[in-house]
Structure formats: C-alpha cells, structure tokens
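Visitor: pasted the sequence and its predicted model underneath.
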Amino acid sequence: MPFEQKYTDETREQSLARVLERREAEPGNRAIIRETAEQFEVGEQSLRGWIRAWEKANAPAASVIAEEAADTAEDGSAVRGDADAQDEPVAAPAPRRGRPPGSTNSNSAKGGDQASADRVAELEAEVAKLRRDRDTLKAAIGVLVGD
C-alpha cells in the first residue's frame, strides 16, 4: 500500500513559497519556518524537508559548474589538474559554539540596542549566504575530482 500524503501539493507549494518570500524580505528572522508552519498548519520538520528538497533541486547544476571551471588548453584539449590534489583530506565542518538559537543576553532581554539587533541580523544573513556559497563550491570540487 503506497504512503498516503498528509499535505496537499498546493499546501506544500504555498508554504514553501511563503518561506522563500520571507527569507528574502527578513534574512535575519529565525522564526520564519515555525511561523509559516503554524500559519499553514503543517509540521515544522515537514516544511524543513520541503525546503531542503527545493534547495537541492534548485542548486546550481554541478555539471554547469564543472563546465565553467574546466580550463582548456590553446588547442582545445582539457588541461588536467594535479593528480595529488585528489588525495588531500577534506576538513569536517567545525562544531557550532556560543549561545543556542533563541537565547538572549541581559541587554536584549531589557529591550537592548536596536542597532546591535540589526547588525546581528545582517551578519546572520551573511553567514547563511557564505554557507550556501561554500556548499556550492564543495559540490563543484566534487564534480571536478570525479566524486
């Protein structure tokens, strides 16, 4: 017996579109998924899964990245990189440190500095972008190495 879907395709598409919209408009807001899940009456983990699937499907195609990154010689033949580069280990991501998401310090709990909050939101958005860029580069290297 096939698995019965709990949510309609329309609900999935609308909730995913809302999350993507809000991420663009409010890059530092960490509550977007929770709030959208409540709004559409879907599970947070289901929504996160749909987002991951969308991001994976809409990530730059590895083949396009490989084509752009491939160097060609003057005669049109592909230039091969150093074979020893394949043997270099890939560093594991560092564990996250610091306060858990949603925790506050005494200043922000007392209605702290708005400029600081804005700066934190800006930095969080930048970190998210850098992580996406890093993942894209990892995928490109994997294609080039022949992973």
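Guide: In hand now; what should we look at? For clarity, every value in this text was computed on a predicted model and none was experimentally measured. Numbering: from 1, shown residues only.
Visitor: may I see the buried residues of the longest helix along the chain?
Guide: Determined from DSSP state H, the single longest helix within the chain is helix 114-145. For helix 114-145, the neighbour count (16 or more other Cβ atoms under 10 Å) marks 139-141, 143-144 as buried. All C-beta spots, glycine's among them, are computed from the backbone N, C-alpha and C.
Visitor: could I get these in a markdown table, plus columns for pLDDT and distance to residue 47?
Guide: Shown next, in a markdown table, are those (pLDDT from 0 to 100; distance: Cβ to Cβ, whole Å):
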| residue | pLDDT | distance to residue 47 |
| --- | --- | --- |
| 139 | 88 | 24 |
| 140 | 89 | 28 |
| 141 | 89 | 30 |
| 143 | 87 | 30 |
| 144 | 88 | 34 |
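Visitor: redo those as TSV? Include distance to residue 36.
Guide: Converted to TSV, the buried residues of helix 114-145 look like this (distance: Cβ to Cβ, whole Å):
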residue	distance to residue 36
139	27
140	31
141	33
143	33
144	37
